[in-house]
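# all I have is the shape, not the residue letters:
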C-alpha cells in the first residue's frame with residue numbers, strides 16, 4: 001500500500017516536470033499580472049508561434065543575448081560565493097525538488113520581488129525545468145530590464161543539474177540561511 005502511494009507521487013512529479021516546459025505558454029493571464037510588458041510580449045509571441053493566435057504581431061522577447069552558464073561553471077561560482085541561484089518555477093515545483101541553496105521566485109513574482117530580495121552586485125543565475133531554458137532565459141532578460149547587470153540562465157535547467165549529480169533538496173529553504181553577502 002505504501003509503495004502505491006510512492007508510485008503515485010513519482011508519477012505526479014514526472015508529469016509536473018514534463019509539463020513545466022510548456023507552462024510559460026499556457027499560463028492564465030491573471031497569473032502573469034506581475035510580469036513586465038516584455039514578458040507578456042514573450043508569452044503572446046510564444047502563443048503566436050504555436051498557432052494559438054495567428055493575428056498577433058508581437059516580436060519574441062530577445063533572449064539570445066542572455067548568457068548561458070554550464071553546471072560546472074555554476075558549481076565553481078557557488079564554491080567561490082559569487083552566484084545567487086533563482087528557481088523561477090512554481091513553488092510547488094520548487095518544493096518537489098530544487099538546487100540546494102536556490103531561492104524560489106516564480107516568474108509571476110519576479111518583477112515584484114527581485115529588487116527587494118536579490119543583490120545587484122552578484123551573479124544571478126536563473127533556472128527552470130525546460131532543457132532549452134526558455135523560461136529561465138526570459139526571467140534573466142527580465143532581471144536585466146530591472147537593472148541587474150550580471151545574469152545568466154543555467155544551461156539545461158534543473159534536469160542538467162540533477163543529471164550531473166549536483167546537490168538538490170526538497171521542501172522550502174530557510175530564507176535566513178540564504179544570504180546576500
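Cool, got the structure. Keep in mind the model is a prediction, meaning the values are calculated, not measured.
# just give me the neighbour total for residue 172.
If you count neighbours by other Cβ atoms under 10 Å, residue 172 ends up with 11. C-beta coordinates here come from the backbone N, C-alpha and C atoms, glycine included.
# err, residue 114, not the other one
Neighbours of residue 114 (other Cβ under 10 Å): 20.
# then residue 155?
20.
# please enumerate the strands of this protein.
Ranges of strands within the chain are 67-69, 83-87, 98-99, 103-104, 123-127, 151-154, 168-169, based on DSSP state E.
# which positions within the first one qualify as buried?
This points to strand 67-69. Buried positions in strand 67-69, judged by neighbour count with 16 or more other Cβ atoms under 10 Å: 68-69.
# repeat that for stretch 90-97.
90, 93-94, 96-97.
# redo these as JSON lines? Include distance to residue 163.
Shown next, in JSON lines, are the buried residues of stretch 90-97 (distance: Cβ to Cβ, whole Å):
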{"residue": "90", "distance to residue 163": "21"}
{"residue": "93", "distance to residue 163": "17"}
{"residue": "94", "distance to residue 163": "19"}
{"residue": "96", "distance to residue 163": "17"}
{"residue": "97", "distance to residue 163": "13"}
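# ok so, going back, mind putting the strands of the chain in JSON lines, distance to residue 116 and mean pLDDT included?
Output for the strands of the chain, formatted as JSON lines (distance: least, Cβ to Cβ, whole Å; pLDDT from 0 to 100):
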{"stretch": "strand 67-69", "distance to residue 116": "24", "mean pLDDT": "95"}
{"stretch": "strand 83-87", "distance to residue 116": "13", "mean pLDDT": "97"}
{"stretch": "strand 98-99", "distance to residue 116": "20", "mean pLDDT": "97"}
{"stretch": "strand 103-104", "distance to residue 116": "12", "mean pLDDT": "96"}
{"stretch": "strand 123-127", "distance to residue 116": "14", "mean pLDDT": "97"}
{"stretch": "strand 151-154", "distance to residue 116": "17", "mean pLDDT": "97"}
{"stretch": "strand 168-169", "distance to residue 116": "23", "mean pLDDT": "94"}
